[in-house]
Structures are given as C-alpha cells and as structure tokens.
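K.L.:
quick one, what's the 3D model for this:
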Amino acid sequence: MPRRARVKFAGVPLHIIQRGNNRIACFFAEEDYRFYLRHLDQLAQRLECDVHAYVLMTNHVHLLVTPSETDSASLLMKHLGQRYVQYVNRVHRRSGTLWEGRFKSSLVQRQGYLLKCQRYIELNPVRAGMVPHPRDYPWSSYRANGGLRASALVTPHDGYIALGETPEQRAAAYRRLFEFELDEEDLKEIRSAANGGFALGNQRFKDEISAILGRRVERLRQRLRQRASQSA
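P.N.:
Sure thing, here's the model as predicted:
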C-alpha cells in the first residue's frame with residue numbers, strides 16, 4: 001500500500017513528531033540535546049521555519065513550526081535528522097539508523113488550537129512523570145515561552161503575541177494556561193491528528209484545507225459523524 005502523502009501548507013503551523021527507531025533512546029547525554037537544538041536553530045533560520053515550541057524527550061521529539069514554503073519543514077527535518085544521526089554515530093560509536101522512518105505531522109489551526117498544541121508539547125515531560133512542572137525540564141521551549149529564559153530559537157506565533165500587550169504580560173498569561181491540564185479529549189484529538197497525518201482544527205478549518213489541497217485531511221469516520229450531526 002502506498003504511503004499517505006503528507007499534508008503540507010506554507011504559512012500554517014505544523015506539529016511534528018519524530019521517534020527513535022523501535023522507540024529506543026535517541027538522546028544519550030546532555031551534549032546530544034544541545035547539539036540537536038543548536039542545529040535546529042541554524043537550519044530553521046536557513047530554511048525559514050519559525051519554531052514556536054519544542055520538547056526533546058529521551059526517545060522522541062515534538063516541534064511546532066510554521067514553514068515559509070511548502071517543503072521547508074520537510075527539508076528541515078531531513079537535514080536535521082541526517083546531521084544528528086551522523087553526530088550520534090560518531091560520538092557514541094554506533095552505526096545504523098536512529099529514527100523511526102518518516103516523521104509524523106499535522107497542520108494546526110491558529111485560533112483555538114495552536115496554544116493548546118504548544119501546551120501539549122511542553123507538558124510531555126510532566127505526563128511522562130519526569131518532572132512535576134514543565135519549567136523543571138531543561139529541554140523544552142516552556143522556559144522561553146513562559147518568560148523565564150531568553151531564546152533565539154523560539155519565535156512567538158501571533159496567537160501567543162495576542163496574549164498580552166507586552167512580553168511580560170504575554171509570558172504571565174502563558175504561564176497561567178499551565179494551571180490547568182489538557183483534558184482527555186484534547187489529548188486524543190492532538191495525538192490522532194499527528195499520528196494520522198491529518199489537520200488539527202475545527203470543521204471549517206479542515207474543509208478549507210481540504211478544498212485547497214484537493215484531498216481529505218481528517219479521518220473518514222470523523223467526517224461521516226460530522227455529516228450525520230448536521231443532517232439530524
């Protein structure tokens with residue numbers, strides 16, 4: 001069966017997940033995380049991808065980026081993945097593949113979904129039981145978005161900027177969002193969209209993206225349920 005083509009669209013935020021092969025570790029030492037972030041910064045600037053959020057877990061990575069061109073994100077992940085694998089194989093005296101095939105991704109609607117996706121990404125270490133609060137995890141964008149540390153890598157999205165009139169107000173408003181956990185429906189929706197390569201947003205957003213791309217961007221059963229509710 002042919003692989004499902006990626007849903008790609010310039011200027012629309014993209015949630016990306018890349019896992020280690022067979023869920024094995026892909027980061028082994030602190031310098032590994034630093035190397036990855038350093039080259040993510042370099043390549044994101046070169047390929048004009050704004051990075052809004054990230055988390056580097058032991059065996060997988062989450063990114064939220066807005067690509068300037070249709071293929072910018074794919075090129076970012078290709079070159080970043082290649083550089084990192086070469087580095088890991090050299091430094092840790094290993095060989096062979098590191099990543100689990102193609103990365104997974106989903107387009108993310110700005111209104112109502114972008115900040116929810118950012119929270120999902122930065123809360124990953126908390127859900128995994130690694131830290132009690134995202135500020136305690138050093139390898140995510142939370143400290144930058146929460147105003148606790150300056151970062152040249154993180155570019156605030158317009159949805160984040162709308163949280164306040166000043167950087168201090170935005171950071172404080174953003175931190176308040178983490179006083180509440182994402183509910184199970186939100187978690188399920190974000191995971192389903194990313195793992196299936198679908199769009200994350202309301203029905204209007206999905207219909208607009210589908211019309212532009214000329215292909216389905218949601219699970220068929222979800223679309224059938226939506227039609228049934230409209231005709232009821």
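K.L.:
low pLDDT regions in the chain?
P.N.:
1-7, 220-232 (pLDDT under 70).
K.L.:
again, only this time at 90
P.N.:
The chain contains residues with pLDDT under 90 at 1-10, 22-23, 94-97, 101-102, 180-181, 209-232.
K.L.:
so where do the helices sit in the protein?
P.N.:
Taking DSSP state H as the criterion, the chain carries its helices at 30-47, 72-91, 114-122, 124-127, 142-145, 158-161, 167-177, 184-196, 203-213, 220-231.
K.L.:
nearest to residue 20, out of those?
P.N.:
helix 72-91 (10.3 Å; Cβ to Cβ). (Each C-beta comes from the backbone N, C-alpha and C, glycine too.)
K.L.:
which outside residues touch that closest one?
P.N.:
For helix 72-91, the external contacting residues (Cβ atoms under 8 Å, 6 or more residues apart in numbering) are 6, 8, 10, 14, 16, 18, 26, 28, 31-32, 35-36, 39-40, 43-44, 47-49, 65, 67, 94-99, 103, 105.
K.L.:
now swap in stretch 205-213 and tell me
P.N.:
7, 9, 12, 107, 109, 198-199, 201, 216-218.
K.L.:
circling back to that earlier point, now the helices of the chain as TSV including distance to residue 57?
P.N.:
Listed next are the helices of the chain as TSV, based on distance: least, Cβ to Cβ, whole Å:
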stretch	distance to residue 57
helix 30-47	10
helix 72-91	14
helix 114-122	10
helix 124-127	6
helix 142-145	13
helix 158-161	22
helix 167-177	21
helix 184-196	14
helix 203-213	28
helix 220-231	28
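K.L.:
to residue 133, which of the ones you listed lies closest?
P.N.:
Judging these by Cβ to Cβ, what sits closest to residue 133 is helix 124-127, at 6.7 Å.
K.L.:
in that closest one, what's buried?
P.N.:
124-126 (16 or more other Cβ atoms under 10 Å).
K.L.:
of the residues you listed, just say which sits nearest to residue 139.
P.N.:
Closest to residue 139, out of all of the buried residues of helix 124-127 and judged by Cβ to Cβ, is residue 125, at 8.1 Å.
K.L.:
ok, for the closest one, nearest residue in space, not its chain neighbours?
P.N.:
In space, and not counting its chain neighbours, residue 125 is closest to residue 137: 4.0 Å by Cβ to Cβ, 6 or more residues apart in numbering.
K.L.:
sounds good, over and out.
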